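> I'll drop the sequence and a predicted model, then ask my questions.
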Amino acid sequence: MTDLVLTYTLEATESALPGMNEEFGLVQRARAGEMDAFEEIMQRYENRILRYLSGAVGNAEVAEELCQETFLAAYRAFPRTSDDLRLSSWLHTIALNRARSYHRRRRLKTFLPLTDDHASAAADLQQSVVARDSVLRALSRLPKAYREPLLLQLGSGLTCKEIGEVLGCSEGAVKVRLMRARQAFRREYKDEDREP
């Protein structure tokens, strides 16, 4: 029985190693400045990062811009990364920081007084906000501590451990936040359905 478990464990480990070794090799090549390696990393992670950012900012065009900024920042930072880089967590951390910066800039703009020139733009902005679908509105009403892990899990498919690395908290804390985030989302979504 012990031999069977050991054999299964070794086979499982060996089957996981090619993907890990391949990604490690890609990271090393990208760190050395090989553009082909970086392009392959982009192809692997672009959809996940874009899905996360779309949920985080609620605007597909802005999400695409932030996704490009994320990969540009990653490309510039690759030579300074360490050998034990966890690629998925690192890229999602960069994307999270880009989304946070976007929200800070947006909040600053809402505090600036509008002139007559900006009145029509404000009306268009208000109409686009009203036109958002109920899921995005419900997500936007969640506290950041709930919204971020929920989007990292659902939008990017990260594990609780990876989310913890991105957000700088324990895996247990992530699990609690996700449970509370789902409950809060359900309440917000029900409230969204009741609004005219």
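Received it, and whenever you're ready, just let me know what you need. Every value quoted in this text rests on a predicted model; they were computed, and no experiment measured them. Numbers count the residues shown, from 1 in each chain.
> center of the chain, which residue is that?
Residue closest to the average C-alpha location in the chain (C-alpha atoms, centre = their mean): Tyr52, at 3.8 Å.
> and the pLDDT at that one?
Per-residue pLDDT puts Tyr52 at 91.
> from here on, call the first residue 15.
Let's use 15 as the start, then, which means that last one is Tyr66.
> show me this protein divided up by domain.
Listed by automatic domain parsing, the domain ranges of the chain are 15-125, 145-210.
> quick check: Ser68 vs Arg194, distance?
From Ser68 across to Arg194, the span is 23 Å (C-beta to C-beta, to the nearest Å). Every residue, glycine included, has its C-beta placed from N, CA and C.
> could you list the buried residues of stretch 159-168?
By 16 or more other C-beta atoms under 10 Å, the buried positions in stretch 159-168 come out as Tyr160, Arg161, Glu162, Pro163, Leu164, Leu165, Leu166, Gln167, Leu168.
> SS state for the first one?
Assigned with DSSP: H, G, I helix; E, B strand; the rest coil, Tyr160 falls in the helix class.
> quick check: closest non-adjacent residue to Val76.
Using C-beta to C-beta, 6 or more residues apart in numbering and skipping the chain neighbours, the partner closest in space to Val76 is Tyr116 (6.5 Å).
> ok, Thr107 next?
Val180 (4.8 Å).
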